[in-house]
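Asker: What would the 3D arrangement of this be:
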Amino acid sequence: MKRLLLLTISAIVLVTITNAQITRGTVLVGGNAGTSISQSDAEPRTKYTNYNINPAIGFTIRDNHVLGVDAGFGHIGYASQETRDERDTYYAGMFYRRYFSLGKGFYLFGQGNAGYTLTDADRYSHQSFGGRKTRSNAVGVSLYPGVAYTVSRRVHLEIAMSNLVNLSYGSGTVKDYAPGVHTEWKESGFNFFTNANPQSNMAVGFRIALGK
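Answerer: Below you'll find the model as predicted:
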């Protein structure tokens, strides 16, 4: 009896694992987006905004292995009575994603990205009537995990810790400005950072499965 029970359980697990595949030839179209807004009315009053959008298309080259291209736009803004700080980021690149079945329609996935990023930043002081503008270009790689759920055969919902680990090399131009003052210089170098803060790093997305 015990042996029969074990064989039955093993068969069910095997079928679940076998069927819980994103099969070769499937095309995944979709992306993710994230946003957060916080505001303080206590003195000094501040407001923080952060949003991003990342469309993507992936091709399943092997069961549960996806290779694709993606793009992105992100904005970060901080404002107070003293300063205004804004940053816009544009991205284009390619990615590799590996899915691992958790059963009952859930998948754990890991994704690696490689791409090019253009960033425009502007920091302004209301007290000095001046600030700093920066334009930078970078190439880099990033890694992050996520969880996907198959709502139906064609629709996948997902949540991810986007840009959890990032390594890049960049160069750019920095301009300091104020009434009667203008200085400019160039800088370059490597940058490595991690961001595990869910408030600024969590992205919710979807994928539409086309093909098989």
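Asker: give me every residue that touches the residue positioned nearest the centre of the chain.
Answerer: Closest to where the C-alpha atoms of the chain average out (Cα atoms, centre = their mean) is Ser162, at 3.3 Å. Ser162 makes contacts with 32, 34, 52, 54, 144, 201-203, as judged by Cβ atoms under 8 Å, 6 or more residues apart in numbering. Where you see a C-beta, it was placed from the backbone N, CA and C, and this is true even at glycine.
Asker: Same question for Ser171.
Answerer: Counting by Cβ under 8 Å, 6+ apart, Ser171 makes contact with 136-138, 186-188.
Asker: now, which of those residues lie within strands?
Answerer: Applying DSSP state E to the contacts of Ser171, the entries found in strands are 136-138, 186-188.
Asker: Sort out which one of the residues you listed lies nearest Gly170 for me.
Answerer: Lowest distance from Gly170 to these (Cβ to Cβ) belongs to Ala138, with 3.2 Å.
Asker: Can you report how many residues lie near the nearest residue to that closest one once chain neighbours are set aside?
Answerer: With sequence-adjacent residues excluded and distances taken as Cβ to Cβ, 6 or more residues apart in numbering, Ala138 is closest to Gly170, at 3.2 Å. If you count neighbours by other Cβ atoms under 10 Å, Gly170 ends up with 18.
Asker: The helix or strand containing Gly170 pairs with which strands?
Answerer: Gly170 belongs to strand 165-178 when elements are defined using DSSP states H and E. Its sheet considered, strand 165-178 pairs with strand 130-150 (antiparallel), strand 181-194 (antiparallel) by DSSP bridges.
Asker: Relative to Asp70, which of those is closest?
Answerer: With Cβ to Cβ as the criterion, Asp70 lies closest to strand 130-150 of the strands paired with strand 165-178, at 11.2 Å.
Asker: Pull out the buried residues from the strand holding Gly170.
Answerer: Across strand 165-178, burial judged by 16 or more other Cβ atoms under 10 Å covers 165-166, 168, 170, 172, 177.
Asker: nearest to Ser38, of those?
Answerer: Taking Cβ to Cβ as the measure, Ser38 sits nearest to Asn166 out of the buried residues of strand 165-178, at 22.9 Å.
Asker: Pull the contacting residues for that closest one.
Answerer: Asn166 makes contact with 140-143, 191-195 under the criterion Cβ under 8 Å, 6+ apart.
Asker: Does Arg153 belong to a helix, a strand or coil?
Answerer: Under DSSP: H, G, I helix; E, B strand; the rest coil, the three-state class of Arg153 is coil.
Asker: On the pLDDT front, check the residue nearest to Ala138 for me.
Answerer: In this model, Gly170 is scored at 96, pLDDT.
Asker: Correct me if wrong: it contacts Lys186.
Answerer: No. The criterion here is Cβ atoms under 8 Å, and Gly170 misses it with Lys186 at 11.2 Å.
Asker: shared neighbours, these two?
Answerer: By Cβ under 8 Å, 6+ apart, no residue touches both Gly170 and Lys186.
Asker: Quick one: find the helix or strand in this protein with the lowest mean pLDDT.
Answerer: helix 2-19 (a mean of 35; mean pLDDT, DSSP states H and E).
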